[in-house]
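> Here you go, sequence then predicted model.
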Amino acid sequence: MRRTIAEVVINFLLGAAWALALLGAMYLFWSFLPFGIPIALLAAVLGSLFGLFLVVFLELATLQFEKHREMRRQTHLLEAIRKELRDSQVRDN
């Protein structure tokens, strides 16, 4: 299956978003660890939110590309079926 340049860029950005989420969580966890484990865990969750938001956004973009590709394929199939039905109707008359 061929991918467009936009899909390749989105996949690259998806990997970067996961890295951002992980690094943000780790950085804030280790920064807030002297204040206690529960505070550090809360800070890690909050630190990963922006990266996770980007992950969700980019996954939605990927799904839209897949939806568009599938709709084009189904349209092509329906046009072929319509052509076959018209050809069979012409032969019957």
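Received, thanks. Residues are numbered from 1 along each chain as shown.
> so residue 2, which of the three states?
Per DSSP: H, G, I helix; E, B strand; the rest coil, the secondary structure class of residue 2 is coil.
> tell me the contacts of it?
For residue 2, the contact set (Cβ atoms under 8 Å, 6 or more residues apart in numbering) is empty. (C-beta placed from N, C-alpha, C; glycine too.)
> Check the spacing between it and residue 65 real quick.
According to Cβ to Cβ, to the nearest Å, residue 2 and residue 65 sit 12 Å apart.
> And residue 89, by the same measure?
Distance, residue 89 to residue 65, by Cβ to Cβ: 37 Å.
> And the helices in the chain, which stretches?
Assignment of helices within the chain using DSSP state H yields the ranges 5-32, 37-92.
> Single out the most deeply packed of those.
Highest mean neighbour count of these: helix 5-32, a mean of 15 (counted as mean count of other Cβ atoms under 10 Å).
> Now do it against helix 37-92, angle only.
170 degrees (axes from the mean of the first three to the mean of the last three Cα atoms, to 10 degrees).
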